Structure formats: C-alpha cells, structure tokens
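Novice: 3D, please:
(2 chains)
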2 protein chains.
Amino acid sequence: MTASPGPERLARQFAFLQEADRLKGILRATPVLEGARPENSGEHSWHLTLYALVLADQAGPEVRIDRVIRMLILHDLVEIDAGDTPIHIAHDPAEQAAREQAAADRLFGLLPDDLGADLRAIWEEFEAAESPDAIFAKSIDRVQPVLQNIASGGGSWVDYNVTFDQLESRVGAKVARGAPGLWPFVRDKAKAFFDAF
Amino acid sequence: MTASPGPERLARQFAFLQEADRLKGILRATPVLEGARPENSGEHSWHLTLYALVLADQAGPEVRIDRVIRMLILHDLVEIDAGDTPIHIAHDPAEQAAREQAAADRLFGLLPDDLGADLRAIWEEFEAAESPDAIFAKSIDRVQPVLQNIASGGGSWVDYNVTFDQLESRVGAKVARGAPGLWPFVRDKAKAFFDAF
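Specialist: Here you go, the predicted model:
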C-alpha cells in the first residue's frame, strides 16, 4: 500500500466494499439462531473471526492469529459470484475452483492494484491450505458449522442425511489437522448428538 | 492466555461462541442489499472488519490495524442483551452505557476469566474512544452506514427524517476525527444524494 490515497483510489476501495455487501445475501447450508433461518456468508465470516480470537490458545506456536483473522474476513468473498458449495453435497472441486478463481479476478480486481494483489494473496494462501495460518483457519471454518448444527437440531446433517462417520471423515480430519486439541471435544459433542437423534 | 487448555476451558469458550450467534438476530436501522432488509449486527461487524482492511491506508501511522479489527469483531456483542441504539434516535447515553456494561458483565463472564478480561479490555478501549486504534475503529463504524444508506435509497435517513446538517454533525465529526482523509470523499457522496433526493 505504497500509493498515496486520493479520490480515484478511494472510489475503487468503496466500489469493492459496496460489492462485498452482497456476501450478506449468500445463504449457507447451516442454520443460525437455533434453526430460525439459514446463515449467510457475511455473518458466518464474522462468527469465524470471533472463533479465531476465542480459540487462539488452540493454535500452534507458529500460527499468527491476526493473519488467520484476515484470512477469515476474506475467505468467502468469492461466493458473491461462485455461490456457497456445501461440503455435504457432491461437487466437482476443479469446477468449483475455476468458478472461484474467476470470482477472485473480478472482485479483487475492483480494488487498487496493489491492495487487490495484497488481499488476493491472503485469500490464495487460505485456499492452498499449506501454511500454518491457513491450516488453522481451515479448521475454524470446519468446526463452526458443527456447533451451529448441534444448536439447531441437526441443520445440514438432517437436510443431507449425513452420518456420524461421514462427519468424521469430511470434517474431523480437517479440524484435527489444524487444531488437534479441539476435535476430541467437538467430536464428543457431535457423537452425543448423533446418538440421541 | 496462560492457562492450559482443557475440557472445562473449552466448554466456556464454546458457551460464549454459541451465545454470540444471537448477534445475527439483532437488527440495525441501516439496510443491506440495496434496501432488501435491515442489516444485522453480526454481518455489520464483518463488513466493518473488511472496511478496516481495505481502508487501512487512511489510518494514521500510530494505528495498528490488527488491533482495530479485533475491536470491530467485538464492538457490538453487548447488543445481544442491550439492543442496537440507532444514532439518529434520541436516547439517554448514560442509560445505554449502563445496559451495555451489564451486558458485558454477563457475556464476557461466560469466557474463562483470563480470556474474558482480555477481550473485555479491547471492547472497553473501543468504547472509551481515546486511543488511536479506537478512534479509527469508531470512524469506520460511522462511515459504513453512510454508504449502506446511499446504496439503499436513503435507509435510516428516510426512516428518521435525517437532514444533511444532522448527518454532518452526528457522523461527519466522528469520521473526520479518526479518518480525516475519508470524510471529504464520503461527505461529497452523501451531499450529492441529499441534493438529489
């Protein structure tokens, strides 16, 4: 961010921020408020940043929480064009990735070039899921829907006939990879829910 | 965060994160999605964190954007108990502050003591609006509704018969205090909207 601010730069910054408003209209498979309605990707992104702040003591010593939070702020923006892809529905990962790359081209392209490149690099790092920060961020993104589903009487697990074994393979492995201390606790809560259902 | 993580600690962390879900049900006076519905305080908080990331070049050199983002993640949580107080409606600031302090006692009290104290201190710093980080965060919180109202055909300005002079005194002064380079640009946009209305 070396370019000096000015009206043209501000116009691009605000065009991006205005377009980002549409993330509040992208609905997810998981519910909020004890099942009252689907969660949107804007409020989901906020909740994940709060998860990262509150569960920072579950991250390894090499994880920088403020970078994790930046990833989580940005991680779903591409859904404005590409839509949300629920993990419990069969989908083509290559096709999804292509749609999301095209969305990133358009959305980050609204910003001043230097800033768009900076923020896109953070999103790409999250997507690659290779750095310690990204691996922890991905764990947070996987664990929050588990809690939302439990609090809402099953949520997307009911809608998509998900079994506990499917949850363990689709979600558990990724949570355990980034936050190994977290999964046993969350797994027990989920297991008790499935057993009682 | 020196205490070692364990099941009892995790239970309190998740109790807080679950309670925080209710912020998605607190409705604000400003709209989203070109006026389709009111904004809730959860998605609003996410949008503000994105504003802070994107408008970081408008902050003074003493401002630490990652601390600003932490404040913005937490800034509206007390509304879960205390409700949203629109700035364009007459209200008693002392009564509002008392309600919000009681809400902070209950909500941050759900967390492990050390973590609850850490996060409450960030919220108190935001509320005090004295540190450079808090003053910039307050500017961001004031400027976003201006853009939401313009994009939605007037929003809360129409609902509460707000004049441009009232906007300038209630909003402009606070935006200009924390982000002096931002207000002339946003003021011009708002002025053009009011002139055309």
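Novice: pLDDT weak spots in chain A?
Specialist: Per-residue confidence for chain A (pLDDT under 70) gives these ranges: A:1-5.
Novice: one more pass at 90, please.
Specialist: Counting by pLDDT under 90, chain A contains low-confidence ranges at A:1-7, A:85-91, A:197.
Novice: any buried residues in the helix or strand where residue A:192 lies, and which?
Specialist: Per DSSP states H and E, residue A:192 falls inside helix A:183-196. Using 16 or more other Cβ atoms under 10 Å in any protein chain shown as the test for burial, helix A:183-196 gives A:183, A:185, A:186, A:187, A:190, A:193. Every C-beta, even on glycine, is put in place using the N, C-alpha and C of the backbone.
Novice: then stretch A:174-182?
Specialist: Counting neighbours by 16+ other Cβ under 10 Å, the buried set in stretch A:174-182 is A:174, A:175, A:176, A:178, A:179, A:181, A:182.
Novice: got TSV for those residues, with secondary structure and distance to chain B too?
Specialist: Formatted as TSV, those follow (DSSP: H, G, I helix; E, B strand; the rest coil; distance: Cβ to the nearest Cβ, whole Å):
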residue	secondary structure	distance to chain B
A:174	helix	18
A:175	helix	13
A:176	helix	15
A:178	helix	15
A:179	coil	10
A:181	coil	6
A:182	coil	7
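Novice: farthest pair within the residues you listed?
Specialist: Farthest pair in these (Cβ to Cβ) is A:174 and A:181. Separation: 14.6 Å.
Novice: what residues are up against the residue nearest to the spatial centre of chain A?
Specialist: Nearest residue to the geometric centre of chain A (Cα atoms, centre = their mean): residue A:141, 4.5 Å. Counting by Cβ atoms under 8 Å, 6 or more residues apart in numbering or on different chains, residue A:141 touches A:48, A:72, A:75.
Novice: return the member of those nearest to residue B:26.
Specialist: residue A:48 (18.3 Å).
Novice: can the helix holding residue A:192 be said to contact chain B?
Specialist: Yes: part of helix A:183-196 sits near chain B under the criterion Cβ under 8 Å from any Cβ of the partner chain, namely residue A:185.
Novice: chain center to that helix: distance?
Specialist: Taking Cα atoms, centre = their mean, to the nearest Å, the mean C-alpha location of helix A:183-196 is offset from the chain mean by 22 Å.
Novice: kindly report the same for stretch A:50-68.
Specialist: 15 Å.
Novice: do that stretch and chain B come into contact?
Specialist: Yes: judged by Cβ under 8 Å from any Cβ, stretch A:50-68 comes into contact with chain B through A:50, A:51, A:53, A:54, A:55, A:56, A:57, A:58, A:66.
Novice: could you check how far the lengthiest strand in chain A is from the centre of its chain?
Specialist: Looking across chain A with DSSP state E, the single longest strand is strand A:27-32. Strand A:27-32 sits 12 Å away from the centroid of its parent chain (Cα atoms, centre = their mean).
Novice: near chain B, from the contacts of residue A:141?
Specialist: Among these, chain B is touched by none when using Cβ under 8 Å from any Cβ.
Novice: phi and psi next, for residue A:160.
Specialist: When quoted as degrees, to the nearest 10, the phi and psi of residue A:160 stand at phi -110, psi 20.
Novice: quick one, what contacts it?
Specialist: Counting by Cβ under 8 Å, 6+ apart, residue A:160 touches A:29, A:86, A:88, A:89.
Novice: A strand includes the third one, no?
Specialist: No: remark: residue A:88 does not belong to a strand; assigned using DSSP: H, G, I helix; E, B strand; the rest coil, it is coil.
Novice: looks like it contacts residue A:155 (just checking).
Specialist: No: between residue A:88 and residue A:155 there is no contact under Cβ atoms under 8 Å: 10.1 Å.
Novice: so these two - more neighbours on which side?
Specialist: Neighbour count, other Cβ atoms under 10 Å in any protein chain shown: between residue A:88 and residue A:155, residue A:155 has more, with 24 against 17.
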